[in-house]
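Student: One predicted model, sequence on top.
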Amino acid sequence: MKKNVLKLTAATFSIIGAGIILFNSAAEMALAANNGKVEKVPTSYQVSDSLETALPKPETKEEDGGKVNYFVSMDSLNTGTPTDTDLTMEEAAETGNQYLKDIFGLDLEGAYVSMSYNPGTVTFPRAFWDGDVRFGEEVKTDDDTWHFFIDAVTGELFMLSCSETLDVDVQLGYDSSLENNYGVYAEAAKEIAERCDLVGGPVADVKYGSQGYGSNNPDITMEVYGENGQIANLTFSRYNQRFLGLITDTSRVITDRAMEDLMKEDAEATDWQTETLEDGSVIQWREQ
């Protein structure tokens, strides 16, 4: 007999449960969308026949009494088509850019904003717009880039992130000392969460979440708990303490529920056998 084996470490369960997938969200959602399990929503709104469009004239926005000019275009890899109830590409870009300004303090003058639309995926069943923001028309891997996910209809924020590539070599491995010595990150997370109202009111507590890295930049994620029960995940660089991004409570809830539904469906559909190995890993398999 042939066995289908699925190996899931305890750390994997922890990350999925907390919703801390800040820098892998875009790739994961794109892959899930292509697996054929997502029903497309009919639409009367049509994007350009050529997705690889030339950059339009700059969008001009009023900001603090001054004009902000940035360029908006559809990403060349975009495959989704917005419905007539969704925000337009320009409206979504303006909404996402406002989040970047309000939370990151980003000056968008001269920025290039590349937009993509997705009707929802298996692991994130809500239609969303996402945007990549960079400065300079040419894509350079070592440039800082910003990214946002927002609800396609309401514009509600799901995620913001900044990708920073360091010009020095630093250790990317796990720092066990931070498990009990994360005060500087907790203070920063609380300040940002309350200033930007990320948990719907005052912060009740901040806890250590996880560690990882993006590009060559090691990071640490704090779990911020609001007095009303909302939770936001805020990530910082372990190298220079720079704020790198966040996942909102709404995004966390959507992802957690989708993963629970998938695991429940899979468990009901098949008889899985489970074995825990000495290293703490969990192996699940089913006979075919």
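Tutor: Great, that's in hand.
Student: where does this structure have low pLDDT?
Tutor: 1-66, 139-141, 270-272, 285-288 (pLDDT under 70).
Student: one more time with 90, if that's ok
Tutor: Low-confidence segments of the chain, defined by pLDDT under 90, are located at 1-68, 136-143, 214-215, 261-288.
Student: Please point out which parts of stretch 102-111 sit buried.
Tutor: Across stretch 102-111, burial judged by 16 or more other CB atoms under 10 Å covers 103-104, 106, 108, 111. C-beta: built from backbone N, CA, C; applies to glycine.
Student: try stretch 236-246
Tutor: When neighbours are counted by 16+ other CB under 10 Å, the buried residues of stretch 236-246 are found to be 236-239, 242-246.
Student: With only the CA atoms kept, save it in PDB.
Tutor: Provided in PDB are the C-alpha atoms of stretch 236-246 (Å, rounded to 0.1, in the frame of the first residue of the first chain):
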ATOM      1  CA  PHE A 236      10.000  44.200  14.400                       C
ATOM      2  CA  SER A 237      13.600  43.800  13.200                       C
ATOM      3  CA  ARG A 238      15.800  42.100  15.800                       C
ATOM      4  CA  TYR A 239      18.700  43.900  14.200                       C
ATOM      5  CA  ASN A 240      17.700  47.500  14.400                       C
ATOM      6  CA  GLN A 241      14.200  47.400  16.100                       C
ATOM      7  CA  ARG A 242      12.500  48.800  13.000                       C
ATOM      8  CA  PHE A 243       8.800  48.300  12.800                       C
ATOM      9  CA  LEU A 244       8.200  45.800   9.900                       C
ATOM     10  CA  GLY A 245       4.500  45.200   9.800                       C
ATOM     11  CA  LEU A 246       1.300  43.900  11.300                       C
END
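Student: what about the helices in the stretch 151-288 of the chain?
Tutor: In chain order, the stretch 151-288 of the chain shows helices spanning 183-195, 249-269, with DSSP state H, counting those that start in this stretch as the criterion.
Student: Check the stretch 1-150 of the chain too.
Tutor: If you assign secondary structure with DSSP H, counting those that start in this stretch, the helices in the stretch 1-150 of the chain sit at 10-18, 25-33, 89-99.
Student: the longest strand in this structure is where?
Tutor: Selection of the longest strand in the chain by residue count, based on DSSP state E, yields strand 203-214.
Student: who does that strand touch, helix- and strand-wise?
Tutor: Contact analysis of strand 203-214 by 3 or more CB pairs under 8 Å, 6 or more residues apart in numbering; DSSP states H and E lists helix 10-18, helix 183-195, strand 217-226 as its packing neighbours.
Student: what would those look like in JSON lines with distance to V203 and mean neighbour count?
Tutor: As requested, the helices and strands packed on strand 203-214 are exported to JSON lines (distance: least, CB to CB, whole Å; neighbours: other CB atoms under 10 Å):
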{"stretch": "helix 10-18", "distance to V203": "17", "mean neighbour count": "14"}
{"stretch": "helix 183-195", "distance to V203": "5", "mean neighbour count": "17"}
{"stretch": "strand 217-226", "distance to V203": "6", "mean neighbour count": "22"}
